[in-house]
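Participant: dropping a prediction and its sequence here:
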Amino acid sequence: LRPYPGWDEDFRSRIAVALDAYKEITAPTGVQQIGLRYINRVVIEQASIALDDYFTAPPHIPASFPQARAAIFSRIESFYADKAIRLAHTFASAQAPEGQSAFLLDLDLRWEWDTPPLPLSEVMGAVEELRQRERDAFEALITDKLREVFDAA
């Protein structure tokens, strides 16, 4: 929620502190899995919207179904072909203030290594790569109309 802490100002340093504590306590030789998750709450100041106006891949209701939405929940899991990174994308409606619409865009990235584990010296680089993939996925899911909503806020 606002004010949004930034990646550079807040999250990266928290991850680095946690990694240092992990190294101090467990003395690992490397890591076998890194996860990065962003849950984005999107509020649009209209009670009823056409999802396609704001999102590039919203769930669609078949024409023969009732068209008044009560709730939405959709989850897609996929893998990046170049690396063992899984992206789970969840799109869901959320409770909104009166006269508004709210949605969750949950992006959960997980990168796994079998053997050997990823050396500790490479962990923060891998975290940065997951962050960039999260940003790319988020940008791919929203339209320019939703970007205008963010810019106005």
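Facilitator: Received the coordinates, thanks.
Participant: could you find the closest non-adjacent residue to Ile72?
Facilitator: Excluding its sequence neighbours, the residue lying closest to Ile72 (CB to CB, 6 or more residues apart in numbering) is Ser93, at 4.2 Å. For every residue, glycine as well, the C-beta is placed using N, CA and C.
Participant: ok, now how distant is the one you found from Phe55?
Facilitator: Plainly put, Ser93 is 12 Å away from Phe55 if you go by CB to CB, to the nearest Å.
Participant: and stretch 78-95, which residues are buried?
Facilitator: Ile85, Leu87, His89, Phe91, Ala92, Ser93 (16 or more other CB atoms under 10 Å).
Participant: pull up the distance across it, start to finish.
Facilitator: 27 Å (CA to CA, to the nearest Å).
Participant: next one: it to chain centre, how far?
Facilitator: Centroid separation for stretch 78-95 versus its chain: 8 Å, with CA atoms, centre = their mean, to the nearest Å.
Participant: okay, Ala153: pLDDT?
Facilitator: Predicted confidence (pLDDT) at Ala153: the value is 65.
Participant: after the helix or strand harbouring Ser93, which helix or strand is next?
Facilitator: Following DSSP states H and E, one finds Ser93 within strand 85-94. Using DSSP H and E, the helix or strand that follows strand 85-94 towards the C-terminus is strand 101-112.
Participant: ok, that following strand: who's next to it in the sheet?
Facilitator: Taking DSSP bridges as the criterion, strand 101-112 sits next to strand 33-44 (antiparallel), strand 85-94 (antiparallel) in its sheet.
Participant: which elements pack onto the helix or strand following it?
Facilitator: The element immediately downstream of strand 101-112 (helix or strand, assigned by DSSP H and E) is strand 118-119. Judged by 3 or more CB pairs under 8 Å, 6 or more residues apart in numbering; DSSP states H and E, strand 118-119 is in contact with strand 30-31.
Participant: who touches both of Ser93 and Phe55?
Facilitator: Common contacts of Ser93 and Phe55 (CB atoms under 8 Å, 6 or more residues apart in numbering): Phe103.
Participant: got the confidence number for the most centrally placed residue in the chain?
Facilitator: Taking CA atoms, centre = their mean, the centroid of the chain lies closest to Leu107, which sits 2.4 Å from it. Predicted confidence (pLDDT) for Leu107: 97.
Participant: wait, it sits on Ala137?
Facilitator: Yes. Between Leu107 and Ala137 there is a contact under CB atoms under 8 Å: 5.4 Å.
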